[in-house]
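Trainee: Pasting a predicted model and its sequence here:
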Amino acid sequence: MLREISQHGPLPRIDLAERTGISRATVTSVTADLLQGGLIEEVPHEFQRNGPTRGRPRIDLRIAGSAHLIAGIKVSDSSISFVLMDFNGAYMANHERNMPFACQTPDALATEIAIGLKALASNLGRKLDDISGVGVGISGVVDANDSLVYWSPSLNQRNVPFGEILSTCLGTPTYVDNDANLVAMAELVFGIGKDYSDFIVITIESGVGMGIVLDGQIYRGTRGCGAEFGHIKVQLEGALCRCGQRGCLEAYVADYALVREANSIINLSLYSSTSQSVTAILEAARAGNTTANSVIERAGRVFAMGLANLVNIFDPELIILAGEQIQFDHLYADAVIDEMQKSIVKVDKPAPDVVVHKWDNLMWARGAAAYALNFVQDTAVEALEGTKRI
């Protein structure tokens, strides 16, 4: 019932009974407990706020924002983004911390996260102990069920129980998921996807990720690590991917792949950032450099083939392209989308829409916070029920 109020509130008790199919008497009893426990609060009905009405005033129920504090974290290759939200999902503050190294030990990364989170909490006059739950998005292969990171370019070890390490370091429950899944969560809660029940998010950063929403839920696979779009195979014994395998889509499409392919021809500076190098490659292609152009065109063809495969398998309502590197338009140019449409199953209906949503890291962190919020809500209700039993 708390989840229903969170997703659709503020709303009156009668609407809550209709939405949940629970009797009005039970709704009244349960909401009374939630009110007493400080998890929800009563507010004037929305349509009565602008003036007086006749009869008994109607009361809405909404989540009590001050009940809990939730943090969301996005780990990138060069920085960590932090955001704090209240129990009602309202944004409160954010913080950015540069990473000393792109790849670290689990303990070192946990320490970096703890330092940044303490700084963010102190900006609001709060402490780590005031945070009820932390959501973390990290690239790589992650079993969200156990917050276990099988592999990530941000960690120098495999099979890391990173959620457990962070929970111990921070002193608060921490929930880890693949960052692309949390972008999908953000789209579902805050973004374009909130009006769709089925959609796919493709994230384009230093790597390529995917989040799938089916019937309003994040799909993760039986092991909790599905939807690895960047690691579908597009070439047998092909280019080496940073995951250690060969022929992955990411090995032809990601920024590091473009730099690797073009470096020997364009003579890129060793001191340039990856973003600067990609910019140089695109400029060289536009200036007529044949090799640079072939690298860019191949990346577009491979990406279009991958998108077409997704459409043929899932037939989603919508595909959202998101991420920090979406500023580079070579992967969503008209020619790429046209190439995708040539390779999908033809029926007498239009192909799924493909839209670009230029989310920054802060919005990724908000998706991580929204993910943690679900767990904090469940824990809060369980604690309240335990108190009642006592």
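Mentor: Yep, it's here.
Trainee: Point out where the stretch 1-150 of the chain drops to low pLDDT.
Mentor: With pLDDT under 70 as the threshold, the stretch 1-150 of the chain has low-confidence stretches at 46-57.
Trainee: Oops, could you answer that again for the stretch 151-300 of the chain instead?
Mentor: 264-272.
Trainee: domains in this protein, as residue ranges please.
Mentor: The chain breaks down by automatic domain parsing into domains covering 2-63, 68-184+362-386, 228-316+324-358.
Trainee: out of these, which comes closest to Ile218?
Mentor: domain 68-184+362-386 (5.4 Å; C-beta to C-beta). (Glycine included, C-beta is placed from N, CA and C.)
Trainee: So what does Pro12 have for phi and psi?
Mentor: Per-residue torsions, Pro12: phi -80, psi 160 (degrees, to the nearest 10).
Trainee: number of nearby residues for it?
Mentor: Around Pro12 there are 17 other residues, counting by other C-beta atoms under 10 Å.
Trainee: all helices in this protein, in order from the N-terminus.
Mentor: With DSSP state H, the ranges of helices along the chain come out as 2-8, 13-20, 24-36, 106-123, 162-170, 179-189, 250-253, 255-266, 274-286, 290-314, 334-342, 361-389.
Trainee: Go through those and pick out the most buried.
Mentor: Stretch with highest mean neighbour count among these: helix 179-189 (a mean of 28; mean count of other C-beta atoms under 10 Å).
Trainee: tell me which strands and helices it is in contact with?
Mentor: Helices and strands touching helix 179-189, as assessed by 3 or more C-beta pairs under 8 Å, 6 or more residues apart in numbering; DSSP states H and E, comprise strand 69-75, strand 131-138, strand 199-204, strand 208-214, strand 217-219, strand 318-322, helix 361-389.
Trainee: and for that helix, what are the contacting residues?
Mentor: The contact list for helix 179-189 (C-beta atoms under 8 Å, 6 or more residues apart in numbering) reads 72, 74-75, 89, 135, 137-139, 142, 144, 193-194, 199-203, 209-213, 216, 218, 220, 227, 229, 320, 322-323, 357, 359, 363-364, 366-368, 370-371.
Trainee: and with 7 Å instead?
Mentor: Residues from elsewhere that reach helix 179-189 (C-beta atoms under 7 Å, 6 or more residues apart in numbering): 74, 135, 137-139, 144, 193-194, 201, 203, 209-213, 218, 220, 320, 322, 359, 363-364, 366-368, 370-371.
Trainee: ok, back up a step: indicate which one of the helices and strands packed on helix 179-189 is closest to Pro10.
Mentor: The minimum distance between Pro10 and the helices and strands packed on helix 179-189 falls on helix 361-389, with 16.1 Å, by C-beta to C-beta.
Trainee: Next, the angle from the closest one to strand 318-322.
Mentor: Counting by axes from the mean of the first three to the mean of the last three C-alpha atoms, to 10 degrees, helix 361-389 lies at 110 degrees to strand 318-322.
Trainee: wait, what's in contact with Met305?
Mentor: If a contact means C-beta under 7 Å, 6+ apart, then Met305 has Val234, Ser343 as its contacts.
Trainee: can you do 8 Å?
Mentor: Met305 sits next to Val234, Glu339, Met340, Ser343 when contact means C-beta under 8 Å, 6+ apart.
Trainee: Quick check: the first one touching Gln245?
Mentor: In other words, Val234. No. With contact defined as C-beta atoms under 8 Å, Val234 does not count as touching Gln245 (11.7 Å).
Trainee: Quick check: Glu237 touching Cys248?
Mentor: No. Using C-beta under 8 Å, Glu237 is not in contact with Cys248; the gap is 11.8 Å.
Trainee: Let me have the helices and strands packed on helix 179-189 in TSV, extended by distance to Asp255.
Mentor: Supplementary listing: the helices and strands packed on helix 179-189 in TSV, determined by distance: least, C-beta to C-beta, whole Å:
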stretch	distance to Asp255
strand 69-75	17
strand 131-138	18
strand 199-204	8
strand 208-214	10
strand 217-219	26
strand 318-322	15
helix 361-389	16
